[in-house]
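Q: Quick one: sequence plus predicted model below, questions after.
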Amino acid sequence: MRARATLAATAALALASLAACGSGDEAEAGSDGTVTVFAAASLTEAFTEIGDRFEAEHDGVTVEFNFAGSSDLAAQITEGAPADVFASADESNMDKVVEAGAAADPDTFALNQLVIAVPEGNPDGVTGLADLAGLDFAACAEEVPCGSAAQTALGDTGLTPVTYEADVKSTLQKLTLGEVDAALVYRTDAIAAEDEVDAVEFPESAGAVNAYPIAALTDAPSPDLAAEFAAYVLADDAQAVLQAAGFQHP
Amino acid sequence: MSTPNGMAERGLDAHLVVERGATGTGSFRLDLRLHVAPGETVALLGPNGAGKTTALRALAGLEALSGGQIALNGEILDRPGTRVGRTRAARSESHIDGPPVNNPDTGVRQSSPDAFEQGALKHDEAKRRSNREGIGSSGIRGSSREGAPGQGTGDARSDRWVPPEARRIGVVFQDYLLFPHLTAIDNVAFGPRRRGQGRAESRALAAEWLDRVGLAEFGKRRPKQLSGGQAQRVALARALATDPALLLLDEPLAALDARTRLDTRAELHRHLAGHSGPAIVVTHDPVDALMLADRLVVIENGRAVQEGDAESVTARPRTDYIARLVGLNLYRGKAEGHQIVVGSSTRTASGSATGSGSRSDAASAEPVGEGGAAASPEGPVVLVASDPLEGPAFAAFPPSAVALYPERPDGSPRNTWRATVSGVHRHGDNLRVQLDGPLKAAADVTPAAAAHLRLEPGREVWATVKASEIRTYPA
Amino acid sequence: MPAKRTLRRRRVPAALLAPAAIGLAFLILPLAGLLARAPWAELPARLAEPEMLAALRLSLLTATAATALSLLFGVPIAWLLARGDFPGRSVLRALVTVPLVLPPVVGGVALLLVFGRNGIIGSWLHERFDITIPFTTTAVVLAMTFMSMPFLVVSVEGALRGADLRFEEAAATLGAGRWTVFTHVTLPMVAPGVLAGAVLCWARALGEFGATITFAGNFPGRTQTMPLAVYLALQSDLEAAIVLSLILLAVSVIVLASLRDRWTAAP
């Protein structure tokens, strides 16, 4: 545990600039109406919208976001970055934060399911996983949440992607550049790129749903606003926004 | 050898014309005819910037001619077409842009501020390279033009260019330019190998040559591990190992210290004597020239100003440069029987002290004596010599022939004049006195005599020369 | 005299010493940080992992191949830039150095636009020969070559410009044609510059990440080089990432140091 903490300190050094953003002024400002939310990159569009609504309903409150990969955010939080809320794209990164004592009792606020993204018009007529045989397709690497989901979904089908991308955006990019015929991506990402790609649902993805947990942080500079924002995300208004973006209700 | 035909067929027969830069300052023109018989060694002697190295580079094919031609044993190596205008301009253009890669005259680096070298210094690195490219691609240019025979005018002649690698010419460069990444033996074997011999064969030949220059044990050394004299000998062996039809040496001894120079010079002389083809030594050192060469060609400003064997050149110098080198007072004038009227009295013997008032570089830029007889502000001076002569003539006498007196001597010397001492400095065991006056001259006196005369700058003395000491010859 | 000279040479001006010390600290401290935090106990286990070994082998192989390609094409480019006399040479020189300033990911995308399935050349290769470059080891080598060749070109060009052309003239008078002059005189004489360039090139190729992951993707054993493995490990396991980085560092330092020893040992 100790080793882990010191290691994370190294990471914090590397991420010094990001950490600096959330320190000092904002910590002070938090007490008079700012809530700082560390959220997974895949939540960028939905949370920006939710943040606007939250501000509209709370006079004098400002919501500040730090969007990044969940693992980066987890490292920053465990190293003491002054965040109020953490919204992770997977449970394992939330677990790290909880283990480090920086959060307690996270709630799952959204589910994200994999789809098969294909070029618009579905030229290869893909209807399910089996159709991927003989096609070049891209998926995320196991190390990132969308990759572990893809791994689960593919199971023992024997299908292998031509590339394991570092994140879901570059997985999708390989499709939009035309280098692959299909890509296993989150439904939310496919919807965000609906001008260029079509999303094909497949049943195997049900067993590999990604859960998005949210938690107010123990050392939140604005504990009240933190709890309030976390609750707001779980409530109907925010849920509608998330579902419009392609997330599912937990 | 006696027929002109024979001259053209064997040995080197060259008319080197290299033009650089537009007319005006910075322009340079070399125009030199050279005939070197097989087995003969010719020294190109001249001051810095005279064009010696340019001539050598043109012969080696490192620079293309703008005019004239080079024929070696009857084969034309370089001959720009004579259909004037276009080809010729195009040909010389790539060389106008830049100076040769090394200093056009290599004796003293970049020190002489004459027009040519100034021009050379102005050019930047890129131009140097472009010049080099011009040389390199000359082969292509030449051969392509060869395909188009000169039609039209009757006296048109076809263009010819043999690139350096195809000329059988050995060159010993001033800094030797031994390849630093190769051992001595591999340096020597480089030429034979390139000329088509096998690896073992080349190395055997190289070993033989190293042995011949007395460096049999040094084959495994790299150039850095060789002394100056050794490097010079390796360079010589490298040039000779290709069995060149023509041997060129650029200031072969200039980089050596005095002692090494003495030994190396003697050895070089031996090898030159053993070389059956023509050889040309470029040097600014008269001793090298006299010791190594059968014949001297003195060039100044791109032209030959005097030619002949060592004896005639040193005994009868025709230029101020040579007069200074061999240590003679030289005057040009007009002979009428035993009398010779000289006006241009700036010719002084070598070793003139700096600041002695006899700086004559400007005068030496022209062939000597062209200034005419009235140049002396004090009016013409009449010298009397023992041998009669008529017409334009040179008069020369050594500084040791000049005697100095505090008062006008009573005796019979025919040549007596008043002079002012402008400088005194050591010269061997004696003192050399620079004299100003109607006849600028150098005089050698013993230290005792100098003390007796209380010689010091500004002192007025009487100078005399016996008529029998004055050598006169037609100009 | 020589004693005096060495004395003078040895004395480093304080004005240089201070910034040099700061600069060195800046360069070395992060490395020291990695070393201090490395979970040494895990090292043997990591070293034995087949995935790690595959990535390491692939990295060494592709970086070496990229260096070879860079030498093959980069040395002629350098020669052209140093010795060629043609209009637009300075523009060409600037273009050659574009990959130095290009964000590597953009470089990867640019490569996809040319060699990708829909790329200018890639589509032709795909249709005509059924060859696809992206997601292959070839793509890794191409990405590395694209990003690292400029280092070689710049280094060799500098060496060529500094070379004394008179040696080439001497070689010509000894009967060497232009090509022989190049191979037997020019190249050996600029060898230190070529080697320095090759080392830079190799090091850059070894560390190449952005263009590789974009153009070649990430597939263990085929396109997953060490930097890719490190990056992905960083997503889930910081310690693993540090261990992998240290292994990459150690191997490259050993390779470069042993090469340098061999060069300097040569007489």
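A: Arrived safely, thanks for sending. Numbers count the residues shown, from 1 in each chain, chains lettered A, B, ... in the order given.
Q: And the pLDDT for residue 165?
A: All of this is about chain A. pLDDT recorded at A:Glu165 is 92.
Q: Let me rephrase: I mean chain B.
A: 92.
Q: Double-check it against B:Arg195; I have them as touching.
A: No - between B:Glu165 and B:Arg195 no contact is recorded; they are 9.3 Å apart, counting by Cβ atoms under 8 Å. Where you see a C-beta, it was placed from the backbone N, CA and C, and this is true even at glycine.
Q: Tell me which of the two has more neighbours.
A: Applying other Cβ atoms under 10 Å in any protein chain shown to B:Glu165 and B:Arg195 shows that B:Glu165 carries more neighbours, namely 19 against 16.
Q: Need the three-state assignment for the more buried one.
A: helix (DSSP: H, G, I helix; E, B strand; the rest coil).
Q: Report the separation between it and B:Asn329.
A: Computed as Cβ to Cβ, to the nearest Å, the B:Glu165 to B:Asn329 distance reads 49 Å.
Q: May I ask you to confirm that B:Val421 belongs to a helix?
A: No - checked against three-state DSSP, B:Val421 lies outside a helix; its state is strand.
Q: and A:Glu165, what are its bridge partners?
A: In this entry, A:Glu165 is beta-bridged to A:Cys140, by DSSP bridges.
Q: Thought C:Ala216 was touching it, still the case?
A: No - the criterion here is Cβ under 8 Å, and A:Glu165 misses it with C:Ala216 at 11.2 Å.
Q: Surely A:Ile191 is within a strand?
A: No - under the criterion used here (three-state DSSP), A:Ile191 is helix, not part of a strand.
Q: What pLDDT does the model give it?
A: On pLDDT, A:Ile191 comes in at 89.
Q: go on, B:Pro47?
A: As predicted, B:Pro47 sits at a pLDDT of 86.
Q: how would you label it: helix, strand or coil?
A: coil.
Q: Show me whatever sits in contact with both of B:Glu165 and B:Arg195.
A: C:Gly175 (Cβ atoms under 8 Å, 6 or more residues apart in numbering or on different chains).
Q: What are the boundaries of the helices in the stretch 201-350 of chain B?
A: Assigned by DSSP state H, counting those that start in this stretch, the stretch 201-350 of chain B shows helices spanning B:228-240, B:258-274, B:286-292, B:310-315, B:320-326.
Q: Report the inter-axis angle for the longest one versus helix B:228-240.
A: Read that as helix B:258-274. Helix B:258-274 runs at 20 degrees relative to helix B:228-240, counting by axes from the mean of the first three to the mean of the last three Cα atoms, to 10 degrees.
Q: Domain parsing of chain A, as residue ranges.
A: In terms of domains, chain A is parsed into A:2-111+A:211-244, A:114-208 (source: automatic domain parsing).
Q: what stretches of the stretch 1-150 of chain C score poorly on pLDDT?
A: The stretch 1-150 of chain C contains residues with pLDDT under 70 at C:1-10.
Q: Enumerate the residues of it near chain A.
A: Within reach of chain A by Cβ under 8 Å from any Cβ of the partner chain, the stretch 1-150 of chain C has these residues: C:33-34, C:37, C:39, C:109, C:112-113, C:116-118, C:132, C:134-135.
Q: and the closest residue to A:Arg53 other than its chain neighbours, how many neighbours?
A: In this structure, A:Arg53 finds its nearest non-sequential neighbour in A:Asp237, 6.0 Å apart by Cβ to Cβ, 6 or more residues apart in numbering or on different chains. Per other Cβ under 10 Å, the neighbour tally for A:Asp237 reads 13.
Q: tell me the secondary structure for A:Asp237?
A: Under three-state DSSP, A:Asp237 falls in the helix class.
Q: And the strands in chain A, which stretches?
A: A:34-40, A:62-68, A:85-87, A:107-112, A:114-119, A:137-140, A:163-165, A:182-186, A:197-200, A:210-216 (DSSP state E).
Q: so can I have TSV of those showing mean neighbour count?
A: Below are the strands of chain A laid out as TSV (neighbours: other Cβ atoms under 10 Å in any protein chain shown):
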stretch	mean neighbour count
strand A:34-40	26
strand A:62-68	18
strand A:85-87	29
strand A:107-112	20
strand A:114-119	26
strand A:137-140	29
strand A:163-165	27
strand A:182-186	29
strand A:197-200	21
strand A:210-216	24
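Q: Tabulate the ones you listed (CSV), appending distance to C:Arg161.
A: Formatted as CSV, the strands of chain A follow (distance: least, Cβ to Cβ, whole Å):
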stretch, distance to C:Arg161
strand A:34-40, 52
strand A:62-68, 46
strand A:85-87, 57
strand A:107-112, 58
strand A:114-119, 50
strand A:137-140, 46
strand A:163-165, 42
strand A:182-186, 49
strand A:197-200, 51
strand A:210-216, 57
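Q: so how far is chain C from the residue most central in space within chain A?
A: Ranked by distance to the mean C-alpha position of chain A (Cα atoms, centre = their mean), the top residue is A:Ala89 at 3.1 Å. From A:Ala89 over to chain C the distance is 11 Å, taken as Cβ to the nearest Cβ, to the nearest Å.
Q: Would you mind giving both backbone torsions of the residue in the stretch 1-150 of chain C positioned nearest to chain B?
A: At 4.5 Å from chain B, C:Asp85 is the closest residue in the stretch 1-150 of chain C, using Cβ to the nearest Cβ. Dihedral pair for C:Asp85: phi -130, psi 90, per degrees, to the nearest 10.
Q: residues contacting A:Val200?
A: Counting by Cβ under 8 Å, 6+ apart, A:Val200 makes contact with A:115-118, A:122, A:126-128.
Q: Pick out the least confidently modelled helix or strand of chain B, by mean pLDDT.
A: Lowest by mean pLDDT, DSSP states H and E among the helices and strands of chain B is helix B:361-364, with a mean of 32.
Q: what sits up against the helix or strand that it is followed by?
A: Downstream of helix B:361-364, the first helix or strand assigned by DSSP states H and E is strand B:381-397. For strand B:381-397, the external contacting residues (Cβ under 8 Å, 6+ apart) are B:316-318, B:323, B:328-343, B:345, B:368-369, B:414-415, B:417, B:438-439, B:465, B:467-475.
Q: just stretch B:400-412 next, same as before
A: Contact partners of stretch B:400-412, identified using Cβ under 8 Å, 6+ apart, comprise B:329, B:413, B:416, B:418-419, B:430, B:433, B:435, B:441-445, B:449, B:453, B:455, B:461-466, B:469-470.
Q: Repeat the analysis, applying 6 Å as the threshold.
A: If you take Cβ atoms under 6 Å, 6 or more residues apart in numbering or on different chains as the criterion, stretch B:400-412 is touched by B:443-445, B:453, B:461-465, B:469.
Q: got the buried residues for that stretch?
A: Neighbour counts over stretch B:400-412 (16 or more other Cβ atoms under 10 Å in any protein chain shown) mark B:400-405 as buried.
Q: With distance to A:Pro106, secondary structure and pLDDT added, can I get those residues in a markdown table?
A: Formatted as a markdown table, those follow (distance: Cβ to Cβ, whole Å; DSSP: H, G, I helix; E, B strand; the rest coil; pLDDT from 0 to 100):
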| residue | distance to A:Pro106 | secondary structure | pLDDT |
| --- | --- | --- | --- |
| B:Ser400 | 114 | helix | 88 |
| B:Ala401 | 117 | helix | 89 |
| B:Val402 | 116 | strand | 90 |
| B:Ala403 | 120 | strand | 88 |
| B:Leu404 | 117 | strand | 89 |
| B:Tyr405 | 122 | strand | 88 |
